[in-house]
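1. The sequence and its predicted three-dimensional model are supplied below.
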Amino acid sequence: MEKSEEPLPTAIVPERAIDMATGRRYRKGELIWFRIDTIHPPADNGKGLPDLTHWPGLIANATEKRALETTSGIPDSLNGVLTAISGGKSGSTTTPTTNKRPVVIFEYSIRPLGFFASNGEVVKRPEEILPWQMGMALLGGNKGWDALGKEGTRVMRERVKADLNELKGKGLPVPTENADIDARWREKMAPRYAFNDMPKNWDTVAFRLGIAIKIGSATANSWAQTDKIDLVPGVEVNEEDKEAIESQRKTLFQGLWWGGERLWLEDMVRVRRHRVELPDTLGLPSPGAADRSVTFRIR
């Protein structure tokens, strides 16, 4: 039997193995938007505030479930066509066949951003979730985000001013120690209740959402490698990687946080660079591909 020229795969960490085996759409720790009941801004606000339809959060966990999906053998829209083809009488219909097939679905536990209780997760299906990168198409786009940021700042200033007036009215000193300031902040500005228990008055929602977007934006501007590949007993490493590690030419990792997205070795990614901006070692672009992004497999 001829020896395969393909290098052996590097032993993978459990979380990566689960992601690869299940093919779940969203991975633990990823930054996403989840659907909420629409919250409308005050009428005639004149500030360009958008309706609030989604909220930023982090995937805390994914639960695999099995369900029965209903499938129809003949959609109602095709009944008339099938009747005509079969020579049936005008007005007659063909009865659709209804079947059920087992499917695997995921439900995602999400930790909302914006100073909520750590045990106050919400559970959503995939159709209620969007990747963080789609956020600029939500909440009114750039103008909506700008309006929400200003609204959150307004609420914070008004509440700080009201708190200071309350302290002065009671003859109490203004906190100066960090611990006292933090306790006052938690009590007056950001009590840690569950997301579903959040008061639905506009000022509270706008303030919390402004903080959530700021946290999400800071996360999306960060990156880090994870799960360093080491030469330890019991770990299989292909010869090319082994030589690179031993010679200290490279430090290899199995995973990467890119903004709010979890990437692993062997993932397919699309590089948003013009083909002509990439190294010549990749070869010449095919006709019509010079101005398009390129799909790669992470190696």
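-> Looks like it arrived, so ask away.
2. Could you look up the SS state of the residue nearest to I213 when sequence neighbours are not counted?
-> Setting aside the residues directly before and after it, I213 is nearest to P56 in space (Cβ to Cβ, 6 or more residues apart in numbering), at 6.2 Å. For glycine as for every other residue, the C-beta is placed from the backbone atoms N, C-alpha and C. For P56, the secondary-structure state derived from DSSP: H, G, I helix; E, B strand; the rest coil is strand.
3. For the residue nearest to P126 when sequence neighbours are not counted, give its distance to I59.
-> The shortest distance from P126 to any non-neighbouring residue, by Cβ to Cβ, 6+ apart, is to R25 (5.3 Å). According to Cβ to Cβ, to the nearest Å, R25 and I59 sit 10 Å apart.
4. can you check T53 too?
-> In terms of Cβ to Cβ, T53 sits 19 Å off from I59.
5. Now do the contacts for the most centrally placed residue in the chain.
-> By Cα atoms, centre = their mean, the chain has its centre lying nearest to I32, at 2.1 Å. Applying Cβ atoms under 8 Å, 6 or more residues apart in numbering to I32 gives the contacts Y26, P56, G57, L58, I59, I110, I129, L130, P131, W132, G260.
6. Looking at those residues, which is nearest D241?
-> Distance to D241 across the contacts of I32 (Cβ to Cβ) is lowest for G260, with 27.9 Å.
7. how about the strands in the stretch 101-250 of the chain?
-> For the stretch 101-250 of the chain, the strands defined by DSSP state E, counting those that start in this stretch cover 122-124, 129-131, 223-228.
8. helices and strands of this protein: which one has the lowest mean pLDDT?
-> Using mean pLDDT, DSSP states H and E, helix 79-86 stands out as the lowest-scoring helix or strand of the chain, at a mean of 47.
9. All the helices of the stretch 151-299 of the chain, residue numbers only.
-> In the stretch 151-299 of the chain, the helices defined using DSSP state H, counting those that start in this stretch lie at 178-188, 202-220, 239-246.
10. Export these as TSV, with columns for distance to K124 and mean neighbour count.
-> Formatted as TSV, those follow (distance: least, Cβ to Cβ, whole Å; neighbours: other Cβ atoms under 10 Å):
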stretch	distance to K124	mean neighbour count
helix 178-188	27	12
helix 202-220	16	19
helix 239-246	38	14
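11. got a markdown table for these, with mean pLDDT and distance to G120 too?
-> Shown next, in a markdown table, are these (pLDDT from 0 to 100; distance: least, Cβ to Cβ, whole Å):
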| stretch | mean pLDDT | distance to G120 |
| --- | --- | --- |
| helix 178-188 | 76 | 15 |
| helix 202-220 | 91 | 12 |
| helix 239-246 | 74 | 43 |
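12. nearest to K150, of those?
-> helix 202-220 (8.7 Å).
13. quick revisit: now tabulate the strands of the stretch 101-250 of the chain in CSV and tack on mean neighbour count and mean pLDDT.
-> Conversion of the strands of the stretch 101-250 of the chain to CSV gives the following (neighbours: other Cβ atoms under 10 Å; pLDDT from 0 to 100):
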stretch, mean neighbour count, mean pLDDT
strand 122-124, 17, 94
strand 129-131, 17, 93
strand 223-228, 13, 83
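14. Which one of those lies nearest to M156?
-> Taking those one by one with Cβ to Cβ, strand 122-124 is closest: 24.5 Å.
15. Which neighbours in the sheet does the closest one have, and how are they oriented?
-> Strand 122-124 has its sheet partners listed here by DSSP bridges as strand 98-112 (antiparallel).
16. average model confidence for the partner strand?
-> Computed over strand 98-112, the mean pLDDT rounds to 85.
17. neighbouring contacts of it?
-> For strand 98-112, the external contacting residues (Cβ under 8 Å, 6+ apart) are 22, 24-26, 32, 34, 55-73, 118, 120-126, 129, 195, 212.
18. ok, now with 7 Å
-> 24, 26, 34, 55, 57-73, 121-126, 129, 195, 212 (Cβ atoms under 7 Å, 6 or more residues apart in numbering).
19. Next: stretch 161-174.
-> For stretch 161-174, contacts defined as Cβ under 7 Å, 6+ apart pick out K188.
20. same question, stretch 195-203
-> I39, P41, P42, P112, F116, G120, V122, V155, T204, V205, R208.
21. And for stretch 39-47?
-> With contact meaning Cβ under 7 Å, 6+ apart, stretch 39-47 is reached by L49, D51, L52, A147, E151, K200, W202, V205.
22. mind checking how far the second one is from I110?
-> Meaning D51. The gap separating D51 from I110 is 21 Å, by Cβ to Cβ.
23. Which one's more surrounded, these two?
-> Using other Cβ atoms under 10 Å as the criterion, D51 and I110 rank with I110 on top: 24 against 11.
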